[in-house]
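Colleague: Coordinates for the following, if possible.
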Amino acid sequence: MQRQVKLRTTSLGYAKGDKINIVSQSNRLHIIRLILVLLTAGLILQANPVQASSHENQNQASRIAWEAYYFGNMTKGQLPSEWHPFSQMDSDRNGAHPGNELWLKANLSKKGISPGQLLVYSYLVKDFEIALFLDGQPVFKSEKLLPSGFISWRIISYENITGHEDQVLVARISPHQNLEGFEVWSGTSSSLALKLLRTEAPMWAGAIVLSLLSAVSLLLYFFNRSQTLFIYFAVFLASFAIDLTVMWGGWQFAFRPEALWVWGSLIHFNWYIGYASGILITYAIVGGKGSKWIRNLGYAVLVYAFVSVAGWLLFGEQAQLLFYRLFYDYVSTCLLLALIVVLFLALKRRRNSEIMVFAIGNAFFVGGLVLGRAVSGQFGLFPTTRTLLTSHHALAQISWTFLGFGGVVICSGIIMGMRLMRMAQLRSTNKELAKVNGELIIANEKLSHIDQIRSNMYSEVSHELNTPITAIKGYVQLMLNGTIPAGETRYLQVIHDKSLVMERMIDDMLEIVRLENKHIQFEYELVPFGALFARLCSKVQMDMLEQGFTFFWVPMPEPYWPDRFTAIYADPMRVEQVFANLLSNARKFTAPGGTIRIEATMEELGAQPSAITIRIIDSGCGIEEGERESIFERYYRGKGAKTGAITGTGLGLPICREIMNAHGGEVGLEGSSTQGSTFYIRFPLRYAHVREMEPEETA
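Modeller: Residues are numbered from 1 along each chain as shown. Below you'll find the predicted structure:
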């Protein structure tokens, strides 16, 4: 099982080609120190239970310490008569050849152990049979329940049949080749149950923690599909959680023996998937240019997993075991060495925080693996045949490996945290970029709009100026040629009128620029609205009637106050300018004989009237719906003006808007149809005393 753990823990990671360093130098040192402290503390705590196992008192489960051994095959019913000291077993090269049985002997009475129960641990790397004999009588024989790679246990009861005080326990392991786990504990039912709980509970707790981390990684992947590292983490952690839950033999009693081979084959498949996901994680972290072979290596392990399942389905259990042992003994070690080289090269190429944390985690894991193998007497990476790795040493080795893997999990959490920080930073950056892009889009739209205005200005101004210039030029040319008398009054009047048109156009262009740049000083004063409205309407009434329009105006009904009146705070000349511009537009777009009506009302925007609105209503051609939002833009002239040959530069309404903005009021189009249009002017309402006839100071 130790080799099953080691490869997958080498594959932790970060995004390929990622050169963004989120953690500062000081934070990086703090993280590294924290990892060192945690893992060192774990190693110290781990060492205590191993040392304490030999000092357990009589009230606790006690591990049987073998005293003698014998290599050789015995006939059925016979026990060895020649024994050798157990300490010499590893150096016995003559007896430890493949196929021989291994016999172990221990004297129970020397440990002061009373008759009770035995707990038999067996760690299966390759299939072997275990048999126990107490005073020459068989008390246990293992069954072939699990495929290779699992830890199994049995609790058996025994009695002192012979009545002798000295009881001799003999174990037979057949064959002994690649024996990597066998251990017997003795004690009462409660002590053995406590022993099982102490052994299995940490594994189940670890499996729960890994499952939660896997679920978190899966959620993070769903929130950000571009981060494939999270899905690799989810598969990797889930695979190892499954390993922990099925590694120990307690669960096998829930299934029929014939079903365990199916479960074992599926677990082997799970191991391969875990290895593959670990390699893909490594590629996601340290992969760069020319390192796609790492990803392909992960895919190759996936193919190996499916091929092993296919071999099992087609050729049976032995084919599946062949694939497993090949991977367990040799392939996994080669992959581990290859990934260590990859990490070393990645550190030489670049060193960011994620790769450094990744390297620390893998260094702790490899250290735990090597230390565990040193405890068991195996210093190489490949399997040996002459080392008796008892179950106690096997579990110790696995525990050291798990401590190293714990460091890997911690580093994985740190890397995931860094990735989340990077995601949050990128999300914040993207928001800022989106905001800037939005501002750039608005600015581009404004620039495009300005270009369009400039284009419209050149077009409209050149057209409007060309008409009077052509007339002036024509009459002057006729006078110079003598076609018409020089100094003829009516022709001079035409020239004069056309000059005024050009002058008015130039004045409008200068006016709009001055208004937008705040270069015009307004002469504000408190103006009685009723008198102002009557004067403006009376001033244009006669002119309207002479031009053939039906014109009438409706004065605003004012409440009677002995000492107060309704007023507006405005520049009377500018108010008249707005009034005249709107009335001029109504006259241009209304055919002779049409109706133009002006009315004034007070509007309640609160508890009492707070605004005065003037509406100019005509019966003209109206404004098309698509043009209504553009009529207040500079130099914009609607289709009706162009097709009807109506003069103008498109500056009248923009000038009105700027003037009303300066007064704190507004001007707009209230409605339009083919029966006419309604424009409005709205001023803030003042209630003034009669004595307040002096102009107020501007703010």
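Colleague: Number of residues surrounding Tyr275?
Modeller: Tyr275: 29 surrounding residues under other Cβ atoms under 10 Å. All C-beta spots, glycine's among them, are computed from the backbone N, C-alpha and C.
Colleague: and Pro555, what does it touch?
Modeller: Listed by Cβ atoms under 8 Å, 6 or more residues apart in numbering, the contact partners of Pro555 are 530, 533-534, 600.
Colleague: same thing with Thr678?
Modeller: Contact analysis of Thr678 by Cβ under 8 Å, 6+ apart lists 615-618, 669-672.
Colleague: Could you do Ile294 as well?
Modeller: Taking Cβ under 8 Å, 6+ apart as the criterion, Ile294 is in contact with 279, 282-283, 287, 339, 342.
Colleague: Val209: which of the contacts of Pro555 is nearest?
Modeller: Minimum distance to Val209 across the contacts of Pro555 is 79.4 Å, recorded for Ala600 (Cβ to Cβ).
Colleague: That closest one: which element?
Modeller: Following DSSP states H and E, the helix or strand that holds Ala600 is strand 595-604.
Colleague: List the buried residues of that strand.
Modeller: Taking 16 or more other Cβ atoms under 10 Å as the neighbour-count basis, strand 595-604 is seen to contain the buried residues 596-600, 602.
Colleague: would you turn those residues into CSV with distance to Tyr69 and pLDDT?
Modeller: Listed next are the buried residues of strand 595-604 as CSV, based on distance: Cβ to Cβ, whole Å; pLDDT from 0 to 100:
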residue, distance to Tyr69, pLDDT
Ile596, 123, 90
Arg597, 122, 90
Ile598, 121, 91
Glu599, 119, 91
Ala600, 119, 89
Met602, 115, 85
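Colleague: could these go into CSV alongside distance to Leu297?
Modeller: CSV is the format used below for the buried residues of strand 595-604 (distance: Cβ to Cβ, whole Å):
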residue, distance to Leu297
Ile596, 87
Arg597, 87
Ile598, 87
Glu599, 86
Ala600, 86
Met602, 85
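Colleague: Secondary structure element holding Phe565?
Modeller: Here Phe565 sits within strand 564-570, counting by DSSP H and E.
Colleague: what's next to that strand, contact-wise?
Modeller: Contacts made with strand 564-570 from outside it, assessed by Cβ under 8 Å, 6+ apart, are listed as 524-530, 532, 556, 558, 575, 602, 612, 663, 683-690, 696.
Colleague: Mind giving me the packing neighbours of the helix or strand that it is followed by?
Modeller: Using DSSP H and E, the next helix or strand after strand 564-570 towards the C-terminus is helix 572-588. The helices and strands touching helix 572-588, judged by 3 or more Cβ pairs under 8 Å, 6 or more residues apart in numbering; DSSP states H and E, are strand 525-528, helix 529-546, strand 595-604, strand 609-618, helix 652-662, strand 676-684.
Colleague: Out of the contacts of Ile294, which one has the weakest pLDDT?
Modeller: For these, the least confidently modelled position is Gly287, at 74, judged by pLDDT.
Colleague: ok, so what distance separates that residue from Trp553?
Modeller: Distance from Gly287 to Trp553, counting by Cβ to Cβ, to the nearest Å: 83 Å.
Colleague: Those two - which one has more neighbours?
Modeller: Residue environment comparison for Gly287 versus Trp553 gives the larger neighbour count to Gly287, 22 against 19, counting by other Cβ under 10 Å.
Colleague: quick one: the more buried one and Leu297 touch, right?
Modeller: No - counting by Cβ atoms under 8 Å, Gly287 stays clear of Leu297, with 10.9 Å between them.
Colleague: follow-up on the earlier one: most neighbours among the contacts of Ile294, which one?
Modeller: Scoring the contacts of Ile294 on neighbours with other Cβ under 10 Å, the highest-scoring entry is Ile279 at 30 neighbours.
Colleague: Quick check: chain neighbours aside, which residue is closest to that residue?
Modeller: Once flanking residues are discounted, Ile279 sits nearest to Gly298: 3.6 Å by Cβ to Cβ, 6 or more residues apart in numbering.
Colleague: residues contacting that neighbour?
Modeller: Counting by Cβ under 8 Å, 6+ apart, Gly298 touches 276-280, 283.
Colleague: Which strand or helix spans it?
Modeller: Under the criterion DSSP H and E, the helix or strand holding Gly298 is helix 292-315.
Colleague: Next up, the contacts around Leu371.
Modeller: Trp400.
Colleague: what's the angle from the strand holding Phe565 to helix 529-546?
Modeller: The directions of strand 564-570 and helix 529-546 differ by 70 degrees, with axes from the mean of the first three to the mean of the last three Cα atoms, to 10 degrees as the criterion.
Colleague: send the alpha carbons of strand 564-570 over as CSV?
Modeller: The C-alpha coordinates for strand 564-570 follow below in CSV (Å, rounded to 0.1, in the frame of the first residue of the first chain):
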residue,chain,number,x,y,z
ARG,A,564,-48.0,88.4,-3.8
PHE,A,565,-47.7,87.3,-7.4
THR,A,566,-46.3,84.4,-9.4
ALA,A,567,-42.8,85.0,-10.8
ILE,A,568,-39.8,83.3,-12.3
TYR,A,569,-36.2,84.1,-11.6
ALA,A,570,-34.8,84.5,-15.1
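Colleague: buried stuff in that strand?
Modeller: Residues of strand 564-570 classed as buried by neighbour count (16+ other Cβ under 10 Å): 565-570.
Colleague: Tell me the one of those residues nearest Thr483?
Modeller: Ala570 (51.4 Å).
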